[in-house]
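Asks: I would like to see how this sequence folds:
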Amino acid sequence: MLNYCMMEVVVSFPCFILFLLLSSATVAFAQNYSEHLHFYFLERVAGSPNATAAVSVNLHPESSVGGFGNIGVMDDILLEGPEPSSPVIGRAQGLVVYSDLTGLSATTAVNLAFTAGEHNGSSLAMFGRYEQGRVSDRSIIGGSGQFRLARGYALSQLVDATATTVTAEFDVYIIYP
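Replies: Predicted coordinates:
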């Protein structure tokens, strides 16, 4: 009888360990973090010294930027503050496709790659519609590093524009495991 009881304990012990592992994994994935990131975006327009954006497909040579079917690429600068001399915290790298027949709004696919500060080495994938002259609301559809599996949204608006630069303010709201 003693052997039978010992056998029963030994058989159920691996099941108990499996139960503990699975329940702790479920609890670990249930923990989500939310964060609000605030930063500025500096673009040096095509044709200016040290340009960070370029029109790679220009179906409308009479228009310097927009135009249905035009495609642009960017490797813009992310800054802590609105001044061009503010500390650099990363890069905004991606594509801009002018896909609106009626205006200058565009579809954007951008990686926000953080290269300094507490998020150094992490990135966010942003996708959505940029609307000139309005607050643009775009989706955060993923990320890497600290922001792996991130979801959320980004609000951006123009702060300043000159003949050679464009500065926008970004507020990014994310949830990640």
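Asks: CA atoms for contacts and neighbours, from now on please.
Replies: Will do.
Asks: all the helices of this structure, in order from the start?
Replies: Applying DSSP state H to the chain gives helices spanning 2-30.
Asks: pretty sure residue 52 sits against residue 41.
Replies: No: under the criterion of CA atoms under 8 Å, residue 52 makes no contact with residue 41, lying 11.1 Å away.
Asks: more crowded one of these two?
Replies: A count of neighbours by other CA atoms under 10 Å puts residue 41 above the other of residue 52 and residue 41, at 25 against 21.
Asks: next up, the contacts around that one.
Replies: 76-79, 82, 92, 166-170 (CA atoms under 8 Å, 6 or more residues apart in numbering).
Asks: quickly list what's touching both of residue 52 and residue 41.
Replies: 76-77.
Asks: test my guess that residue 156 contacts residue 135.
Replies: Yes: with contacts counted by CA under 8 Å, residue 156 reaches residue 135, the gap being 5.6 Å.
Asks: more crowded one of those two?
Replies: The neighbour comparison of residue 156 against residue 135 (other CA under 10 Å) goes to residue 156, with 21 against 15.
Asks: need the pLDDT of that one.
Replies: What the model reports for residue 156 is a pLDDT of 98.
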